[in-house]
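Undergrad: all I have is the shape, not the residue letters:
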Ligand SMILES: Nc1ncnc2c1ncn2[C@@H]1O[C@H](COP(=O)(O)OP(=O)(O)OP(=O)(O)O)[C@@H](O)[C@H]1O
């Protein structure tokens, strides 16, 4: 069953003008409107995510991956204008137009975003366990014992040493901090997790272990995910289907194996060849 459906999603930085869409994108070779200077970070994005499915978004730096993912995760950048339509199973109307409270409720229970930069997602002065507990408290959990038990369970699930639960997150390794972000994202049993560049700042061996953990938990929990990465290896490992972005537009989409083995768009071919 479809969990999330998006159409004509766009995120722009700037005043916008009637030329913005025609003058940007893959054919135009730029994401910046030559007439008004607006950056069309992403536009004309149509996609859907089924329950339990992992959708990958790849593309080079600046292609609009994070902008699209953040729009879908209902993250608001005050400098950006976001348009389009996002519908979500069990909720009426367009998620991009909901009021503050509804967005807060959706963000604390249904859709979790794992930020690319650990500092955006965690309070490093706070304990690792406290960072996870905070998510539960903001979703309305009140019993200290229940919160403590759930945090312990999440630490075990994401393979963080439980004995470190009460240590400040700044004393954790990069891999452990990333796991705390994932534990926090999973805390309220969301239906959808948006992971932005899950391997940023991690050594290669640590990257592989974190991705393996995420893949196991994602499958066990049956949670759907949108995984953003410039690294084709990450998307290949995790994603059932993949979107390829360039200059703010989706230029190719399909089953991950098909996109990797038989890329149709010239840009996807270049991306894949640059890795081989
Ligand atoms: N606050 C801002 N003001 C103006 N332009 C912005 C702002 N934030 C992002 N952009 C622009 O939007 C475009 C898309 O950025 P985005 O971060 O979505 O790309 P990305 O594919 O995720 O890149 P990366 O992999 O480097 O994170 C880029 O051209 C970026 O410079």
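TA: In hand now; what should we look at? Here the structure is a predicted model, which is why all the values come from computation and not from measurement.

Undergrad: apart from its neighbours in sequence, what residue is nearest residue 221?
TA: Leaving aside its sequence neighbours, residue 221 sits nearest to residue 186 (C-beta to C-beta, 6 or more residues apart in numbering; 6.7 Å). Where you see a C-beta, it was placed from the backbone N, CA and C, and this is true even at glycine.

Undergrad: so residue 257, which state does it fall into?
TA: Using DSSP: H, G, I helix; E, B strand; the rest coil, the structure places residue 257 in helix.

Undergrad: tell me the spacing between it and residue 225.
TA: Taking C-beta to C-beta, to the nearest Å as the measure, residue 257 and residue 225 are separated by 17 Å.

Undergrad: then residue 128?
TA: Counting by C-beta to C-beta - residue 128 and residue 225 are separated by 22 Å.

Undergrad: residue 40 pairs with what?
TA: In this structure, residue 40 bridges to residue 12 when assessed by DSSP bridges.

Undergrad: how many residues are close by it?
TA: Other residues near residue 40 come to 27 when the count uses other C-beta atoms under 10 Å.

Undergrad: that one and the ligand, how far apart?
TA: Distance of residue 40 to the ligand, given as C-beta to the nearest ligand atom, to the nearest Å: 8 Å.

Undergrad: quick one: contacts for that residue?
TA: Applying C-beta atoms under 8 Å, 6 or more residues apart in numbering, one finds that residue 40 lies in contact with 10, 12, 20-21, 24-25, 31-33, 248.

Undergrad: who has more neighbours out of residue 128 and residue 225?
TA: residue 128 (29 against 25).

Undergrad: residue 57 belongs to a helix?
TA: No - assigned with three-state DSSP, residue 57 falls outside any helix and is strand.

Undergrad: need the contact list for it.
TA: By C-beta under 8 Å, 6+ apart, the residues touching residue 57 are 65, 68-69, 226-229, 235, 242-243, 245.

Undergrad: which stretches of the protein have low pLDDT?
TA: Residue ranges of the chain with pLDDT under 70: 276.

Undergrad: can you give me the strands in it?
TA: Using DSSP state E, the strands of the chain run over 2-13, 39-50, 54-58, 81-88, 111-114, 192-196, 224-229, 241-246, 249-255.

Undergrad: of those strands, which is nearest residue 179?
TA: Nearest to residue 179, of all those, is strand 111-114, at 10.5 Å by C-beta to C-beta.

Undergrad: and the closest one, is it in reach of the ligand?
TA: No - contact of strand 111-114 with the ligand (C-beta under 6 Å from any ligand atom) is absent, the minimum separation being 13.1 Å.

Undergrad: contacting residues around that strand?
TA: Here strand 111-114 makes contact (C-beta under 8 Å, 6+ apart) with 69-70, 72-75, 88, 107, 121, 181-182, 184-188, 190-196, 198.

Undergrad: try stretch 121-135
TA: Under the criterion C-beta under 8 Å, 6+ apart, residues 108, 113-115, 118, 147-148, 151-152, 154-155, 160, 164-170, 172, 176-177, 180-181, 183-185, 187-188 lie in contact with stretch 121-135.

Undergrad: ok, now how distant is residue 213 from residue 178?
TA: Distance of residue 213 to residue 178, given as C-beta to C-beta: 9 Å.

Undergrad: tell me which of the two has more neighbours.
TA: Ranked by neighbour count (other C-beta under 10 Å), residue 213 and residue 178 place residue 178 first, with 30 against 19.

Undergrad: with adjacent residues omitted, what lies nearest to the more buried one?
TA: Nearest non-adjacent residue to residue 178, counting by C-beta to C-beta, 6+ apart: residue 210, 5.2 Å away.

Undergrad: what residues are up against the residue in the stretch 151-276 of the chain that the ligand sits nearest to?
TA: Among the residues of the stretch 151-276 of the chain, residue 230 lies nearest to the ligand; the distance is 5.0 Å by C-beta to the nearest ligand atom. Residue 230 makes contact with 58-61, 65, 197 under the criterion C-beta under 8 Å, 6+ apart.

Undergrad: next, give me the two most distant ones among these.
TA: Taking C-beta to C-beta, the two most distant members of the contacts of residue 230 are 60 and 197; they sit 12.6 Å apart.

Undergrad: would you map the helices across this protein?
TA: Remark: helices assigned in the chain by DSSP state H are 65-72, 100-105, 118-121, 128-138, 144-157, 174-186, 204-221, 232-238, 256-261, 266-275.
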